[in-house]
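[1] any chance you can model this:
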Amino acid sequence: ILQAGDVLTAPFRITEMFLRFVTTHPEFKPFLENGLAEAIMEVERKSQKSIFEMPQTVSWERVASKIPRIYYDLIDVVEAEKRRFS
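    Reported below is the predicted structural model:
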């Protein structure tokens, strides 16, 4: 579930990391003054309107409603792993 959430939010995270990278290195200052940050944000806005929209973070309530036995399955796996490593 956590891995799926990371994959689904990857475009947003890439934009955030890229902006942080270019704004913290002085070598990019001339490009930032010429609109690099605005261009990055515009690409993000366009990509949000495309087929690969940024999904909302999945909540445990939503997961539980889609997979009602998820808590029992998790408990079963944890118990099985405890027995395996005991």
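[2] the helix or strand in which Ser65 is found - what's its average pLDDT?
    Ser65 belongs to helix 60-66 when assigned by DSSP states H and E. The average pLDDT for helix 60-66 rounds to 79.
[3] how far off centre is the next helix or strand after that helix?
    Using DSSP H and E, the helix or strand that follows helix 60-66 in sequence is helix 70-85. Taking Cα atoms, centre = their mean, to the nearest Å, one finds the center of helix 70-85 at 27 Å from the center of the full chain.
[4] residue numbering should commence at 442 henceforth.
    That works, and once the first residue is 442, the last one we named lands at helix 511-526.
[5] other SSEs contacting helix 511-526?
    Judged by 3 or more Cβ pairs under 8 Å, 6 or more residues apart in numbering; DSSP states H and E, helix 511-526 is in contact with helix 501-507. Glycine gets a C-beta too; all of them are placed from N, C-alpha and C.
[6] next, count neighbours for Val463.
    The burial count assigned to Val463 is 16, neighbours taken as other Cβ atoms under 10 Å.
[7] that one and Ala478 touch, don't they?
    Yes - judged on Cβ atoms under 8 Å, Val463 makes contact with Ala478 at a distance of 7.1 Å.
[8] domains of the protein?
    Following automatic domain parsing, the chain resolves into domains at 442-494, 497-527.
[9] which of the ones you listed sits most buried?
    Ranked by mean neighbour count, those are led by domain 442-494 with a mean of 12 (mean count of other Cβ atoms under 10 Å).
[10] if we can go back for a sec, between the domains of the chain, which gets the lowest average pLDDT?
    Taking the mean pLDDT of the domains of the chain, domain 442-494 comes last: a mean of 80.
[11] still on that earlier bit, gap between the helix holding Ser506 and the chain center?
    Worked out by Cα atoms, centre = their mean, helix 501-507 lies 18 Å from the chain centre.
[12] swap in stretch 469-483?
    Going by Cα atoms, centre = their mean, where stretch 469-483 is centred and where its chain is centred differ by 23 Å.
[13] can you show me the CA trace of that stretch as PDB?
    Output of stretch 469-483 as PDB, limited to C-alpha atoms (Å, rounded to 0.1, in the frame of the first residue of the first chain):
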ATOM      1  CA  PHE A 469      20.600  28.000 -11.500                       C
ATOM      2  CA  LYS A 470      20.000  31.700 -10.400                       C
ATOM      3  CA  PRO A 471      20.200  33.100 -14.000                       C
ATOM      4  CA  PHE A 472      17.700  30.400 -15.200                       C
ATOM      5  CA  LEU A 473      15.400  31.100 -12.200                       C
ATOM      6  CA  GLU A 474      15.500  34.800 -13.100                       C
ATOM      7  CA  ASN A 475      14.400  33.900 -16.600                       C
ATOM      8  CA  GLY A 476      11.400  31.900 -15.400                       C
ATOM      9  CA  LEU A 477      12.700  28.400 -14.800                       C
ATOM     10  CA  ALA A 478      10.600  27.900 -11.600                       C
ATOM     11  CA  GLU A 479       7.500  29.300 -13.400                       C
ATOM     12  CA  ALA A 480       8.000  26.900 -16.300                       C
ATOM     13  CA  ILE A 481       8.400  23.900 -13.900                       C
ATOM     14  CA  MET A 482       5.100  24.900 -12.200                       C
ATOM     15  CA  GLU A 483       3.300  25.300 -15.500                       C
END
